[in-house]
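Visitor: I would like to see how this sequence folds:
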Amino acid sequence: MASVLVPLASGFEEIEAVCIIDILRRGGILVVTASLGDEKVTGANGITIIANNKLEYIEPSEFDMIVLPGGHNGAVALKESERVQSILKEFDEKKKLIGAICAAPMALKEAGVIKNSYTCYPSYEDDIGLEKFTDKQKVVVDENIITSRGPGTAICFALEIVKKLVGDETYESVKSGVLADYC
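Guide: Model (predicted):
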């Protein structure tokens, strides 16, 4: 079974995190949430999620992919976390999949793993780098890196991850089941 690590930091974007977790689990993917601090993590809009574990207790080698939800404060915490940065670099060296949505690509830039193109929430491209920014797509796949724009593109982003990890048939089934014909 494919497995995905989703780190959660205070101030994460709830729509993105829950959408990623939900869609991936519908696709039969094991999703483990891990908090940067306390296991109860409150998002940008006051919704609290209880993480499955603390990031410090996670063994990254057990996962096929890491996916970072956005939300400004959460993304800044992911960018500043030595543990997250270490995992991103390790995954990139091993060519494992890495995903980031909304403001979270700033953590990818910090780790030095962005390739030739990416997308993010409008305005963050100034900090990440305009030379590789693509604003015309909901989801950008570049080698082992998958990025997306924000809450409104979260279903398409998660579906792309399903496609990469478990294939077209499951992707089509989940996409149909959630009525995401726009992806």
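Visitor: which parts of the helix-or-strand element of the chain with minimal mean pLDDT are buried?
Guide: Among the helices and strands of the chain, helix 125-128 carries the lowest confidence by mean pLDDT, DSSP states H and E, at a mean of 82. Buried residues in helix 125-128, counting neighbours by 16 or more other C-beta atoms under 10 Å, are found at 125, 128. All C-beta spots, glycine's among them, are computed from the backbone N, C-alpha and C.
Visitor: Adjacent strands (with direction) for the helix or strand following it?
Guide: Note on helix 125-128: by DSSP states H and E, the next helix or strand toward the C-terminus is strand 139-142. Pairing partners of strand 139-142, with direction, according to DSSP bridges: strand 145-148 (antiparallel).
Visitor: mind listing what's buried in the strand it pairs with?
Guide: Burial within strand 145-148, assessed by neighbour count using 16+ other C-beta under 10 Å, is assigned to 145-148.
Visitor: sorry, back to before: how far away from the center of its chain is the least confident helix or strand of the chain?
Guide: Its chain's C-alpha centre and that of helix 125-128 lie 18 Å apart, by C-alpha atoms, centre = their mean, to the nearest Å.
Visitor: Against which helices or strands is that helix packed?
Guide: With contacts defined as 3 or more C-beta pairs under 8 Å, 6 or more residues apart in numbering; DSSP states H and E, the packing partners of helix 125-128 are helix 105-111.
Visitor: Extract the CA atoms of the helix it packs on and return them as CSV.
Guide: Below are the C-alpha coordinates for helix 105-111, written out as CSV (Å, rounded to 0.1, in the frame of the first residue of the first chain):
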residue,chain,number,x,y,z
PRO,A,105,6.3,25.6,-2.0
MET,A,106,8.3,28.1,0.0
ALA,A,107,9.5,25.1,2.1
LEU,A,108,10.5,23.4,-1.1
LYS,A,109,12.6,26.4,-2.1
GLU,A,110,14.3,26.5,1.3
ALA,A,111,15.2,22.8,0.8
